[in-house]
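> Sequence first, predicted coordinates after that:
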Amino acid sequence: MDNNFNHQMELMTKEFRLLLAILRDRDSTNPVNSELFTNINWKLFIQLVRHHRVYPLIYLKLKNLDNKVIPSHVIKILYQDYKNNTYNMLQLSVEMELLSKLFSENRIRILVLKGPVIAFDIYGDISLRTSKDLDILISLTDLNRAEELLLNNGYEREKTPVPFKEWKRRKHHLTYFHPKKSIQIEIHWKLHPPPSKEPTFDDLWERKRISTLTTYPVYFMGKEDLFSYLVSHGARHGWFRLRWLTDIDQMIKNGLSIEKINLLLNKYQYQYMGGQALILASLLLNTPNPNKVNKLTEKSRSKKLAKISIKYIINMCEFQYPKDYLFSLKSNSQKFITILLLFHPSSADSETLKLPKLLHFLYFPLRPFLWTWRKTRKTHKNDYQQ
């Protein structure tokens, strides 16, 4: 561990150190070192647990401890969070099975990306992981039919301006909400925001698994595909929640084909993000680092990405991306495409200057001027408010 990481680790609060100690030892029956419970700010501790979305794991570890070590009201709060999450995951499980049946009967292939099926696969218990919605991957060719099915079954699509049909080009998912069930789902046609290099839907479908959680078949990604997806997803969010790292930690402990992991990470240019994830998991959760992936953690780019993220994790900040962070995750070809996309018109341009449809082609040469105009107006508005 270099000096930068040492410095960040030294800045940990007592409450964060206790949280890490519990997560590191969550699978054993050993009691947590009682000295770590001394002079704890329990209000801050609960805030940390909730922020990192790990209250199911923390509750199950602490529920049998002596009340002299941990106040009873803290256990009650954690129990309530655990109970609410269990109910939510059961509700999502029912909806996940219903949607799988609905789509299958209409000959639409779906892969569930996250939610109860992933919790059951990684932890063996849907109550041990939190999830606010369902993420479903389909082929882009099925998107229109999928939306029709959802709308006919009570879902409403999140309003999105689409003057250039840019949501297919600039986005990778659409969000739908069922007002009566209070359930939100995301329909993905890509795993990651463009530009990205990723497996085709057919490739993922060929390597799919069938969950044993439900009666009706629910399909989800193969182990290595899931690991690669969670690595990229966590990296894009700066790993600001420990829940994402506990997933990585548990998957490695469950056993993975390291050879296949290396092939996928290199093929789709996630190797630096993989190194970042393994560095953070090792530092914070003592995750074992298989010998065959040590090269990932030794890369200077992986270390740099980990250094950016760790301060946000420790300081309980929702990740506020440094200007160059997301750009640094991209390969050289992706950076080039990203720059080109800056010159492509967006919905903001049409809102700044409304042109008739026949003149939409003018948005291309006008884009630099419209972008400058918006920035100038924003700056003047901020100056006025100050």
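All right, it came through fine.
> which residue ranges form the helices in the stretch 151-300 of the chain?
Secondary structure of the stretch 151-300 of the chain, counting by DSSP state H, counting those that start in this stretch: helices at 166-170, 201-206, 223-236, 242-254, 258-267, 271-285, 294-298, 300-314.
> And the ones you listed: which comes nearest Ile75?
helix 242-254 (20.1 Å; Cβ to Cβ). Placement of C-beta: from N, CA and C, glycine included.
> okay, now the nearest residue to Ile261 once chain neighbours are set aside: neighbour count?
Closest residue to Ile261 apart from its sequence neighbours, by Cβ to Cβ, 6 or more residues apart in numbering: Glu224 at 5.4 Å. As a burial measure, Glu224 scores 20 neighbours (other Cβ atoms under 10 Å).
> who touches Glu224 in this structure?
207, 256-257, 260-261, 264 (Cβ atoms under 8 Å, 6 or more residues apart in numbering).
> picking that back up, mean pLDDT added to the helices of the stretch 151-300 of the chain, as CSV?
As requested, the helices of the stretch 151-300 of the chain are exported to CSV (pLDDT from 0 to 100):
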stretch, mean pLDDT
helix 166-170, 60
helix 201-206, 96
helix 223-236, 94
helix 242-254, 95
helix 258-267, 85
helix 271-285, 92
helix 294-298, 75
helix 300-314, 87
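> Go through those helices and name the closest to Tyr87.
Once these are compared by Cβ to Cβ, helix 242-254 is nearest, at 18.3 Å.
> by contact count, what packs against that closest one?
helix 14-24, helix 116-123, helix 223-236, helix 271-285 (3 or more Cβ pairs under 8 Å, 6 or more residues apart in numbering; DSSP states H and E).
> Pull the CA coordinates from the third one and hand them back as PDB.
These are the backbone C-alpha positions of helix 223-236, laid out as PDB (Å, rounded to 0.1, in the frame of the first residue of the first chain):
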ATOM      1  CA  LYS A 223     -20.800 -15.600 -13.600                       C
ATOM      2  CA  GLU A 224     -18.000 -13.900 -15.500                       C
ATOM      3  CA  ASP A 225     -20.300 -11.700 -17.500                       C
ATOM      4  CA  LEU A 226     -22.000 -10.600 -14.300                       C
ATOM      5  CA  PHE A 227     -18.700  -9.900 -12.600                       C
ATOM      6  CA  SER A 228     -17.500  -7.800 -15.500                       C
ATOM      7  CA  TYR A 229     -20.800  -5.900 -15.600                       C
ATOM      8  CA  LEU A 230     -20.700  -5.100 -11.900                       C
ATOM      9  CA  VAL A 231     -17.000  -4.000 -12.100                       C
ATOM     10  CA  SER A 232     -17.900  -1.500 -14.900                       C
ATOM     11  CA  HIS A 233     -21.100  -0.300 -13.200                       C
ATOM     12  CA  GLY A 234     -19.300   0.300  -9.900                       C
ATOM     13  CA  ALA A 235     -16.400   2.100 -11.600                       C
ATOM     14  CA  ARG A 236     -18.800   4.500 -13.400                       C
END
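> what about it, distance to the chain center?
Helix 223-236 has its C-alpha centroid displaced from the chain centroid by 9 Å (Cα atoms, centre = their mean, to the nearest Å).
> That one to helix 242-254, inter-axis angle?
150 degrees (axes from the mean of the first three to the mean of the last three Cα atoms, to 10 degrees).
> Helix 223-236: which residues count as buried?
In terms of neighbour count (16 or more other Cβ atoms under 10 Å), helix 223-236 has its buried residues at 223-236.
> Could you do the first one as well?
Within helix 14-24, the residues that count as buried by 16+ other Cβ under 10 Å are 15-16, 18-23.
> related to what we said a few turns ago, how close does the residue nearest to Ile261 get to Ser104?
25 Å (Cβ to Cβ, to the nearest Å).
> re the thing from before, buried only: go through the contacts of Glu224 for me.
Judged by 16+ other Cβ under 10 Å, buried ones among those: 256, 260-261, 264.
> The longest helix along the chain: how far from the chain's middle?
With secondary structure taken from DSSP state H, the chain has its longest helix at helix 72-105. Distance of helix 72-105 from the chain centroid (Cα atoms, centre = their mean) equals 18 Å.
> Give me the contact list for whatever helix or strand comes next after that helix.
Next helix or strand after helix 72-105 toward the C-terminus (DSSP states H and E): strand 111-112. The contact list for strand 111-112 (Cβ under 8 Å, 6+ apart) reads 96, 100, 118, 134-138, 201, 204-205, 208, 211, 218-221.
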